[in-house]
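J.: Got a predicted structure here, sequence first:
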Amino acid sequence: MDYTITENTQAASTKAYNCPNCGAELKFDPDKHKLCCEFCESEFTAEEIERQNIYDFSTEKQKNSEEYCSKLDEFYCPNCGAEIVADENTAADICVYCQSPVVHKGKLSGQMMPDKIIPFKYGKEEAENKFTSFAASKWFVPNDFKSKKHADLIRGVYYPFWVTDADTYSELNANCTKVRVWRSGNTQYTETSRFNVTRGGDIHFEDLVTSAYSKGDKEMLEGILPYPSSSLIPFSMAYLSGFKANKRDIERETLSEEIKQRMRSYAETLLAGTIAGYSTVSKKNLGVNIKVSHWEYSLMPVWVLNYITPKKTYKYAMNGHTGKIYGELPVSFKKVMIACGAVFAVVAPIVGLIGGLFL
């Protein structure tokens, strides 16, 4: 679900951030990493704004999910069905997925506030340039896919992720052999020694990141990972100013088995790497006992862009910190046919010449 932060002096959880100098609305500028006033050109860090009691994070963090969402409206795009969230003062918006106009309706159900956030590292202009550079390198995409007009539709959205830390005791058992071959006279001897090998120990897993948003976007969002964990900071609503955000729809319980499987894969690779000096290694079983785990609900920056054709909508995600892009490319069949024709025009005379040599 998406929501924007607009002026709302009645609700602390959705209110805008006003400039202390002139009263105009502040917006977060990723390039400067500050909240900026377009009217008087003042600039403030999120910490400076919080110190002036414009936003009291410590108090807000203690509010429960119903209070956090009590002033937000829930509505649906009539064209593509995407769920969107906005504050109560916003009457209409543009769907970030299909660019259709939408009208707000309904109320948002409960949602916990995020624990951490990674703010956008670069602004819309740089995001457009990154995408056009990416598209320009693709030969067989439609021309309008590479256009500045298309790139201008890119939108900044915060997506929800779960970040997991865990302490485990992991143990790997394997059947191993050592083979010794020697010759005495005309006879060759082979000796095979068999071993039951165990490797185990405490393994700490740090910052396992998993998308907390299904809606068909989970694969796309995990395709732009990783985000640098060092960039995670305590959540502040100030960073959402000027952007949209999606609320999570996947709870940690649903992801527990997926996370455990990832731990098993990492543990197996790590422990197997310590088994050396054997002719063969046959892994038998692996146990991962999670002693303690810690989950944090975090928002991470994504630049979202769609390319809409009569038959299909192509969705693209760009990591708002690293610039990594993930998405399926559209194909211009006209360009493919032209390329095939050009290849045939070059190959046909060569084939004819070769054929002539055999006549």
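T.: Everything's here; your move. Numbers count the residues shown, from 1 in each chain.

J.: Is it correct that Val331 is in contact with Phe140?
T.: Yes: counting by CB atoms under 8 Å, Val331 does reach Phe140; the two are 5.4 Å apart. Placement of C-beta: from N, CA and C, glycine included.

J.: for the stretch 151-300 of the chain, what spans make up the strands?
T.: Remark: strands assigned in the stretch 151-300 of the chain by DSSP state E, counting those that start in this stretch are 155-184, 187-211, 233-234, 244-245, 280-308.

J.: Could you say which of those strands is packed most deeply?
T.: strand 244-245 (a mean of 22; mean count of other CB atoms under 10 Å).

J.: how about stretch 18-28: buried residues?
T.: 18-19, 25-28 (16 or more other CB atoms under 10 Å).

J.: tell me the mean pLDDT for that stretch?
T.: For stretch 18-28, mean pLDDT is 74.

J.: That one spans what distance, first to last residue?
T.: End-to-end distance for stretch 18-28: 12 Å, by CA to CA, to the nearest Å.

J.: do stretch 133-148 as well
T.: So stretch 133-148: terminal residues 10 Å apart, CA to CA.

J.: Over to stretch 316-329?
T.: End to end - CA to CA - stretch 316-329 spans 9 Å.

J.: average pLDDT for it?
T.: 94.

J.: Tell me which of the buried residues of stretch 18-28 fall in strands.
T.: 26-28 (DSSP state E).

J.: if we can go back for a sec, of all the strands of the stretch 151-300 of the chain, which lies closest to Lys116?
T.: Comparison of these against Lys116 by CB to CB identifies strand 280-308 as nearest, at 4.1 Å.

J.: For the closest one, give the mean pLDDT please.
T.: Here strand 280-308 scores 93 as its mean pLDDT.

J.: After it, which helix or strand is next?
T.: strand 313-319 (DSSP states H and E).

J.: In the sheet, which strands lie alongside that next one, parallel or antiparallel?
T.: Strand pairing for strand 313-319, determined by DSSP bridges: strand 280-308 (antiparallel), strand 325-327 (antiparallel).

J.: Can you convert those into JSON lines and add a column each for distance to Glu222?
T.: Below are the strands paired with strand 313-319 laid out as JSON lines (distance: least, CB to CB, whole Å):
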{"stretch": "strand 280-308", "distance to Glu222": "11"}
{"stretch": "strand 325-327", "distance to Glu222": "9"}
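
J.: can you tell which of those is closest to Lys260?
T.: Nearest of these to Lys260, taken as CB to CB: strand 280-308 at 6.7 Å.

J.: tell me the angle that closest one makes with strand 187-211.
T.: Interaxial angle of strand 280-308 relative to strand 187-211 (axes from the mean of the first three to the mean of the last three CA atoms, to 10 degrees): 30 degrees.

J.: where does the stretch 51-200 of the chain dip in pLDDT?
T.: By pLDDT under 70, the low-scoring segments of the stretch 51-200 of the chain are 51-76, 78, 82-112.

J.: try it again with 50
T.: By pLDDT under 50, the low-scoring segments of the stretch 51-200 of the chain are 53-64, 68, 71, 87-92, 105-110.

J.: ranges for the helices of it?
T.: Taking DSSP state H, counting those that start in this stretch to define them, one finds helices in the stretch 51-200 of the chain at 57-61, 65-69, 124-136, 148-151.

J.: Is Val331 located within a strand, as I assumed?
T.: No: judged by DSSP: H, G, I helix; E, B strand; the rest coil, Val331 forms no part of a strand; its state is coil.

J.: and it, how many neighbours does it have?
T.: Val331 has 13 neighbours, counted by other CB atoms under 10 Å.

J.: swap in Ala127?
T.: By other CB under 10 Å, 23 other residues sit near Ala127.

J.: From Ile154, how far off is it?
T.: Distance, Ala127 to Ile154, using CB to CB, to the nearest Å: 5 Å.

J.: next one: Ala212
T.: Separation of Ala212 from Ile154 (CB to CB): 23 Å.

J.: again with Ser42
T.: 27 Å.

J.: who has more neighbours, those two?
T.: A count of neighbours by other CB under 10 Å puts Ile154 above the other of Ser42 and Ile154, at 21 against 16.

J.: which residues touch that one?
T.: By CB atoms under 8 Å, 6 or more residues apart in numbering, the residues touching Ile154 are 124, 127-128, 131, 303-305, 318.

J.: What of Asp217?
T.: 159, 211, 315, 317.

J.: for Glu47, same thing?
T.: Applying CB under 8 Å, 6+ apart, no residues contact Glu47.

J.: Quick check: it is in a helix.
T.: Yes: assessed by three-state DSSP, Glu47 belongs to a helix.

J.: isn't Tyr297 right up against Ile250?
T.: No: counting by CB under 8 Å, Tyr297 does not reach Ile250; the two are 10.5 Å apart.

J.: Residues in contact with both of the two, list them for me.
T.: Shared contacts of Tyr297 and Ile250 (CB under 8 Å, 6+ apart): 162, 212.

J.: what bridges to Ser170?
T.: Gly201, Val288.
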